[in-house]
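Participant: Here's my sequence, what's the structure:
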Amino acid sequence: MVKKVYGGRSRGHFSAGRLAERTAPKSSKWMKVLVVVLSLILALEGIYCVAIFSDISFIRYLRNMYIETAMSTMRHQWLATAFIPGDIIDEVMAAQEAARAAQVGNNSNWENVPAKVHTEAQPDSKPNSSFMAGYTHDLIDQSAPTQEQEAFFELFHELDQQSMREYVKEHPEVVADGWDALKINEAGLDDEGTSIYTTAGDQVLAIDVANGVLLLRVKGSTYRGALAICKDPSRLKLAVSSSIGSVGQKAGYIAEQNDGLLAMTASGFIDEGGAGNGGKVAGGCMSSGETYGTHYAWGYKRIELHQDNRLYISDAHTSYGEGCTDAMEFTPALVVDGEDVSGGSIFTSMNPRACLGQTRDEAVMMLVIEGRRIDSAGTNAETCAEILLRYDCYQAMNMDGGTSAILWYDGEYVTRCSRSDTPEGRYLPNAWVYCNQPVED
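Facilitator: Okay, the predicted model is just below:
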């Protein structure tokens, strides 16, 4: 009996020891996991508090940029409203509204800039030589620049001459019919662009002498996009959807219906619930003298194309200017009479952008920045102004951006929409179109 009892105790002691050995490490492991989880929660809470409530300048800048980016589209506003207190969002939006209001009265007048004389090609000139009529065909391998080459580089003064000459040496076929017939197009989404650069360091995607078009790739740390510089402002018009008021059309289709060579986003549209079809224009617009929509309220801007082929910036709540033929309204103005008025650090949201401008010598500028993509988050209004001023911009305004921002050239889209499921962009109420021929009054 004693042996049995002793044996039983021995087995009992052995079982309890084994149980302690098995359970103690598990309890310790779960305690460590719990400590890690709680530490992570506390760290995230600390980061959240710093990000949302800190007044450190660079943190405030990033916070405001995040809020503006989220609040700029109906589809993504929840990214701000779900995590950030309403009073902080209201403060940022109020500051943006104040910056918009500060632009009231800041309008262009082109003072001290002589009007450019626009002449049409003579009847006996060749169809493709309206910009360089009268010059003989010269090839690049001559020892000194010829008249035709000089005319080319005068027209496209933005180009780095050395890279242009090297490209022509490698591709002599582009000047086989003369420099006045030169046409290069490597602007497609599947193309890599040319080895030609501008004096500002931007890559050239396309050159079309006959139509006076220079198309560039612009890039920055957070964005990529395309800038078209179009030498003949008499070819510009605001073309509307054929069913405006009901349903919009895509930029390329609007261009094709209006003998267009280039087209880009223009007005915004009423986007109820994020499902608008582009039919109802937001703000007022004018196309070939016919008006649509209703003027935006105080604080918005308007860009007008006048009969003198110049673009003018004015306040959206005012009447259309004398001589206006085409116009649209949005915000903000970027450049007025050569001065950067983009709003500084207020319009900081990283978004797809579309901007229309004009140089001091009246060339039309179409800038589209891709955004909300892995390799191009987008950029802000201030950066857009800097890009345009790089090429002597004198007047410019921000168009509707976001998913609407897109640029079409010579039959294909040359920028990517922010949504991969709509590669041709959204349906739009109108588009700025640079035509193959001067627009008739």
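Participant: Strands of the stretch 251-400 of the chain, start to end?
Facilitator: Secondary structure of the stretch 251-400 of the chain (DSSP state E, counting those that start in this stretch): strands at 260-265, 284-287, 290-293, 301-306, 311-315, 324-330, 333-336, 339-340, 353-359, 364-369, 393-398.
Participant: For those, give me a markdown table that also has mean neighbour count and mean pLDDT.
Facilitator: Yep, even glycine has a C-beta here, placed from its N, CA and C like the rest. Converted to a markdown table, the strands of the stretch 251-400 of the chain look like this (neighbours: other Cβ atoms under 10 Å; pLDDT from 0 to 100):
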| stretch | mean neighbour count | mean pLDDT |
| --- | --- | --- |
| strand 260-265 | 27 | 98 |
| strand 284-287 | 22 | 98 |
| strand 290-293 | 16 | 97 |
| strand 301-306 | 25 | 98 |
| strand 311-315 | 23 | 98 |
| strand 324-330 | 25 | 98 |
| strand 333-336 | 27 | 96 |
| strand 339-340 | 16 | 95 |
| strand 353-359 | 27 | 98 |
| strand 364-369 | 28 | 98 |
| strand 393-398 | 26 | 98 |
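Participant: Just put those in JSON lines and tack on distance to Ile207.
Facilitator: Shown next, in JSON lines, are those (distance: least, Cβ to Cβ, whole Å):
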{"stretch": "strand 260-265", "distance to Ile207": "13"}
{"stretch": "strand 284-287", "distance to Ile207": "29"}
{"stretch": "strand 290-293", "distance to Ile207": "34"}
{"stretch": "strand 301-306", "distance to Ile207": "25"}
{"stretch": "strand 311-315", "distance to Ile207": "23"}
{"stretch": "strand 324-330", "distance to Ile207": "26"}
{"stretch": "strand 333-336", "distance to Ile207": "25"}
{"stretch": "strand 339-340", "distance to Ile207": "28"}
{"stretch": "strand 353-359", "distance to Ile207": "17"}
{"stretch": "strand 364-369", "distance to Ile207": "15"}
{"stretch": "strand 393-398", "distance to Ile207": "20"}
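Participant: Out of those, which is closest to Val247?
Facilitator: strand 290-293 (13.9 Å; Cβ to Cβ).
Participant: For that closest one, give me every contacting residue.
Facilitator: Outside strand 290-293, the residues within contact range by Cβ atoms under 8 Å, 6 or more residues apart in numbering are 240, 244-245, 267, 280-286, 320, 429-430.
Participant: do the same with stretch 332-342
Facilitator: Contacts for stretch 332-342 (Cβ under 8 Å, 6+ apart): 99-100, 103, 106-111, 301, 303, 313, 343, 347, 355, 357, 360, 381-382, 384-386, 388-389, 393-398.
Participant: domain assignment for this structure?
Facilitator: 2-98, 210-435 (automatic domain parsing).
Participant: Need the winner for burial among those domains.
Facilitator: domain 210-435 (a mean of 21; mean count of other Cβ atoms under 10 Å).
Participant: Quick check: mean pLDDT of stretch 226-246?
Facilitator: Stretch 226-246 shows a mean pLDDT of 97.
Participant: Any idea how far apart the tips of that stretch sit?
Facilitator: 30 Å (Cα to Cα, to the nearest Å).
Participant: and what of stretch 341-356?
Facilitator: Start-to-end, stretch 341-356 (Cα to Cα) is 14 Å.
Participant: Now do stretch 99-116: everything it contacts.
Facilitator: The contact list for stretch 99-116, computed with Cβ under 8 Å, 6+ apart, reads 298-301, 308-315, 331-333, 336-337, 341, 343-344, 346-347, 360-362, 394-395.
Participant: which helices and strands sit right next to the strand or helix carrying Val204?
Facilitator: Element membership for Val204 (DSSP states H and E) is strand 203-208. When contacts are defined as 3 or more Cβ pairs under 8 Å, 6 or more residues apart in numbering; DSSP states H and E, strand 203-208 packs onto strand 183-185, strand 213-219.
Participant: show me where the stretch 151-300 of the chain has helices.
Facilitator: 161-170, 251-256 (DSSP state H, counting those that start in this stretch).
Participant: want to throw those into a markdown table with mean pLDDT and distance to Glu412?
Facilitator: Converted to a markdown table, the helices of the stretch 151-300 of the chain look like this (pLDDT from 0 to 100; distance: least, Cβ to Cβ, whole Å):
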| stretch | mean pLDDT | distance to Glu412 |
| --- | --- | --- |
| helix 161-170 | 97 | 22 |
| helix 251-256 | 98 | 8 |
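Participant: circling back to that earlier point, now do the strand holding Val204 against helix 161-170: the angle between them, please.
Facilitator: If you take axes from the mean of the first three to the mean of the last three Cα atoms, to 10 degrees, strand 203-208 sits at 60 degrees to helix 161-170.
Participant: Now do strand 203-208: distance to the chain's middle.
Facilitator: 18 Å (Cα atoms, centre = their mean, to the nearest Å).
Participant: Just the buried positions in that strand, please.
Facilitator: Across strand 203-208, burial judged by 16 or more other Cβ atoms under 10 Å covers 203-208.
Participant: Serialize these to CSV and add fields for distance to Glu173 and pLDDT.
Facilitator: Formatted as CSV, the buried residues of strand 203-208 follow (distance: Cβ to Cβ, whole Å; pLDDT from 0 to 100):
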residue, distance to Glu173, pLDDT
Gln203, 21, 98
Val204, 17, 98
Leu205, 18, 98
Ala206, 16, 98
Ile207, 14, 98
Asp208, 16, 98
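Participant: For Gln162, which of the strands of the stretch 251-400 of the chain is the nearest?
Facilitator: Short answer: strand 353-359, nearest of the strands of the stretch 251-400 of the chain by Cβ to Cβ, at 23.1 Å.
Participant: and the angle from the closest one to strand 260-265?
Facilitator: Angle, strand 353-359 to strand 260-265, by the same axes, to 10 degrees: 130 degrees.
Participant: Check which helices and strands strand 353-359 is in contact with.
Facilitator: So strand 353-359, by 3+ Cβ pairs under 8 Å, 6+ apart, packs with strand 260-265, strand 311-315, strand 333-336, strand 364-369, helix 381-389, strand 393-398.
Participant: could these go into CSV alongside distance to His157?
Facilitator: Formatted as CSV, the helices and strands packed on strand 353-359 follow (distance: least, Cβ to Cβ, whole Å):
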stretch, distance to His157
strand 260-265, 20
strand 311-315, 20
strand 333-336, 19
strand 364-369, 14
helix 381-389, 16
strand 393-398, 14
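Participant: That'll do, ta.
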